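>>> Quick one, structure for this:
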Amino acid sequence: MPEPTRLRLRDQIIEARLTLAASRRRQVPALLAVATSVAAALTIFSVAASGSAALNNELLRLRATEVTATVRASSDGRQVQIASPPVLDSEIAAIEGVTAAGVLLPGRQTEVRQIRDPLSTSGGGPSVASTNVYGASPGALRLITGHLPPGWPRGESGPSQRVATIGSVLARRLGIGRRVPTTIAVNSVPFVVVGVIENAERRPELYESIVMPPELLVELGLGGDSTQQVLITTRRGWAAAVGSQLANVIYPGDPTRIDVVVQPEPTRLSDAISTRTRSLVLAVAAVAWATGLVSIAGTVAAGVNERTPELALRRVFGARPSHLQRHVFTESAILGLSGGIIGCAVGWTATMIIVKYRGWWPVINIELWAIAPLGGVATGLLAGILPARLASRIDPAVGVRRD
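Just a heads-up that it's a prediction; the model follows:
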């Protein structure tokens, strides 16, 4: 038997490339599996990071500045008498850090009907048998909808006429649409509709409700047994400070009857969501990586099995078992590197398309994308362990006879 030879790295790489080129069809499934796993992992990580950043910004916009105070009823079921809503609006607005404040009084469900004949309170138009009614101070209505409709009382003297604003969903059910002012009958009492609520992100239940000044709600006996609520928005970073003073301002006689809820810090909420999302992303990435690993291992092992006579002949002419192992590892590494590069290109394209479609700013971890091809190489080397062991154990005599 000839003396064992030495295999240089350059020759090893050239030989592996020629072997892969000679069996391209067999390599395609493994290459696609690695590219898909790398692309999926990178895309999921980047899209999750971009979505988390967008969520954090949305939480900061909507929740970081909200405080809600609830006035609990007394032990005999009667509501605690606090200052009149317009006065309370002014007192709370004077707290440092407050940008808007208002009182919201939930009322009873009642019947509402559009009045087409101004001489009759019976209506004559479409009706809704059960509708929620709320009383809202000027500050509360401005805080929820962003503006006060024309004709809504703004001072402390109370409303000079029976006015109301209704949600956009209720307006469509009554056939009003956006036609204001118009007249409706609330529990057979005529009201002038001066506005339609089309933007109530903070209180979406108002889309199907009637909102009137709180004085009218109490005067007409439409007030319910629900607790009164005080809604406050603050400058960023002031919510906790405002919340600590709120109970004493609303009801100095017994602040314990006021339940103050400060919305959780969005960073904590965002961190909790990000942690759970990260766990899910890691699980999906692990599955994708395992798929690529198994695919490369199967492809290379099948190649070793098909080329047993060839590898046995190389042993006869002086190739060492370690030479065959290195050859198999080089094939696997080239497959992994090629799949990693293709996966990076596909993943980048997919990430940009998804982020642009969602309207998010892309959040890209450059280090992660830079090492992704090396991850493909590591996957290929790991997948080549078993095929390399099979190649190193080929018996030259048995392999040649098989040929």
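>>> Helix, strand, or coil at Gly135?
Three-state assignment for Gly135 (DSSP: H, G, I helix; E, B strand; the rest coil): strand.
>>> So what pairs up with it in the strands?
Leu105, Met212 (DSSP bridges).
>>> Can you read off the pLDDT for it?
pLDDT, the model's per-residue confidence, is 90 for Gly135.
>>> does it really touch Pro213, like I thought?
Yes: at 6.5 Å, Gly135 counts as touching Pro213 under the criterion of C-beta atoms under 8 Å. Using the backbone N, CA and C atoms, a C-beta is placed for each residue, glycine as well.
>>> And the helices in the protein?
9-22, 24-62, 85-93, 138-145, 168-173, 214-219, 239-250, 266-306, 308-316, 321-358, 366-383, 385-392, 396-402 (DSSP state H).
>>> Could you check these and tell me which one is nearest Val186?
Checking those against Val186 by C-beta to C-beta gives helix 214-219 as the closest, at 9.2 Å.
>>> Packing partners of the closest one?
Packing partners of helix 214-219 (3 or more C-beta pairs under 8 Å, 6 or more residues apart in numbering; DSSP states H and E): strand 98-106, strand 124-136.
>>> Buried ones in that helix, by neighbour count?
By neighbour count with 16 or more other C-beta atoms under 10 Å, helix 214-219 contains the buried residues 214-217.
>>> returning to that earlier point: any idea which of the helices and strands packed on helix 214-219 gets closest to Pro149?
Of the helices and strands packed on helix 214-219, nearest to Pro149 by C-beta to C-beta is strand 124-136, at 11.3 Å.
>>> Go ahead and measure how far the closest one is from the middle of the chain.
35 Å (C-alpha atoms, centre = their mean, to the nearest Å).
>>> In that strand, which residues are buried?
125, 127-128, 131-136.
>>> What separation is there between Leu368 and Gln325?
31 Å (C-beta to C-beta, to the nearest Å).
>>> and Leu105, how far is that from Val262?
Leu105 is 22 Å from Val262, where distance means C-beta to C-beta.
>>> of the two, who's got more company?
Leu105 (27 against 18; other C-beta atoms under 10 Å).
>>> and that one, what does it touch?
By C-beta atoms under 8 Å, 6 or more residues apart in numbering, the contact set of Leu105 is 85, 134-136, 214, 217-218, 223, 226, 228-229.
>>> mind checking how far it is from Gln228?
The value you get for Leu105 to Gln228, if C-beta to C-beta is used, is 5 Å.
>>> right, and Gly336 touches Ala378 too?
Yes: counting by C-beta under 8 Å, Gly336 does reach Ala378; the two are 7.1 Å apart.
>>> Neighbour count for those two, which is higher?
Taking neighbours as other C-beta under 10 Å, Gly336 and Ala378 compare with Gly336 leading, 29 against 17.
>>> Find the nearest non-adjacent residue to that one, please.
Closest residue to Gly336 apart from its sequence neighbours, by C-beta to C-beta, 6 or more residues apart in numbering: Gly380 at 2.6 Å.
>>> Next: Gly375.
Nearest to Gly375 is Gly340, by C-beta to C-beta, 6+ apart, at 6.2 Å.
>>> Hmm, Ile371 and the one you found touching each other?
No: Gly340 lies out of contact with Ile371 (C-beta under 8 Å); the separation is 9.3 Å.
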